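Engineer: any chance you could fold what I've pasted below:
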Amino acid sequence: MPFLTRTVTDERDGLAAFASQQIRQVACTLQGLDPEQLRTTASASAMSLGALARHVLYIGEHGPFAVLTAPGRASDDPPADLPDEEGHAAGAILPEAVRPEDTAESLRAALLALADRVEAGLRTADPEARIPVPDAPWFPRDLGTWPARWVALHMVEENARHAGHADILRESLDGRTAYELNARADGTQWIPED
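Structural biologist: From the prediction side, this is the model:
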């Protein structure tokens, strides 16, 4: 898995490449984790790598992002992610988001499959298409729709943020960095220059 996003040919290809690469980077951080590490909250937050992976999967499969990667799907299918009684939204990055059957490899495979769907969907998406803004308290109520281009760029932004979270969590767990993990995914060894 290359550390850098591949060279792109046009706007759609660029959106597809960058959006999918960030999901692949989250997947990369899961390599070699045991069940305990997958669920460990290695910082003051409630984030674990497993919960973060579940969140990236959730946002990729629901709401406005899914509209770009699953033609014909409504942006609030399933229903809008309104907070539950405790104020948590579906897909929140919480320890209980990790399912008993989840393993690092099963979540990694699911993320890589999502990245493939995102890449294929964005390559053919019309950047000018309008996507309904979901009815959720964290989205602006006065817009009605977003251009698909904006949603795709927001997908890059959202998943890049989470790829950074994942890098920090993984390094906190066992000291492995993104460079080493990307080399490992490529089947090569990372040898720092120093």
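Engineer: my read: Val8 touches Ser20, true?
Structural biologist: No: using Cβ atoms under 8 Å, Val8 is not in contact with Ser20, being 11.3 Å away. Every residue, glycine included, has its C-beta placed from N, CA and C.
Engineer: more neighbours: which of these two?
Structural biologist: Ranked by neighbour count (other Cβ atoms under 10 Å), Val8 and Ser20 place Ser20 first, with 28 against 13.
Engineer: how about the more buried one, secondary structure?
Structural biologist: Following DSSP: H, G, I helix; E, B strand; the rest coil, the label given to Ser20 is helix.
Engineer: the helices in this protein, which residues?
Structural biologist: Along the chain, the stretches classed as helices by DSSP state H are 11-28, 35-39, 49-61, 63-69, 104-124, 148-174, 178-185.
Engineer: measure Ala42 to Thr124 for me?
Structural biologist: Distance from Ala42 to Thr124, counting by Cβ to Cβ, to the nearest Å: 39 Å.
Engineer: nearest residue to the middle of this structure?
Structural biologist: Geometric centre of the chain, nearest residue: Val56, 3.4 Å, by Cα atoms, centre = their mean.
Engineer: show the pLDDT at His62.
Structural biologist: Predicted confidence (pLDDT) for His62: 83.
Engineer: that one contacts Gly91, correct?
Structural biologist: Yes: counting by Cβ under 8 Å, His62 touches Gly91, with 6.8 Å between them.
Engineer: so Ala110 makes contact with Leu57?
Structural biologist: Yes: the pair Ala110 / Leu57 is scored as a contact, 5.7 Å apart, by Cβ under 8 Å.
Engineer: what about this protein, any weak spots by pLDDT?
Structural biologist: For the chain, residues meeting the criterion pLDDT under 70 lie at 1-3, 70-90, 192-194.
Engineer: try it again at 80.
Structural biologist: Along the chain, the model assigns pLDDT under 80 to residues 1-4, 63, 68-91, 135-138, 140-141, 143, 189-194.
Engineer: tell me which of Ala42 and Thr124 has more neighbours.
Structural biologist: The residue with more neighbours, out of Ala42 and Thr124, is Ala42; 16 against 11, by other Cβ under 10 Å.
Engineer: pretty sure the more buried one is in contact with Ser172, am I right?
Structural biologist: Yes: Ala42 is in contact with Ser172 according to Cβ under 8 Å; the separation is 3.8 Å.
Engineer: looking at His62 and Gly91, which is more packed in?
Structural biologist: Set His62 next to Gly91 and count neighbours by other Cβ under 10 Å: His62 wins out with 21 against 18.
Engineer: ok, Trp138 to Asp167 distance?
Structural biologist: 24 Å.
Engineer: which of those two has more neighbours?
Structural biologist: With neighbours defined as other Cβ under 10 Å, Trp138 and Asp167 compare such that Asp167 has more, 19 against 8.
Engineer: the more buried one touches Ala178, doesn't it?
Structural biologist: Yes: using Cβ under 8 Å, Asp167 is in contact with Ala178, at 5.0 Å.
Engineer: good, we can wrap up now.
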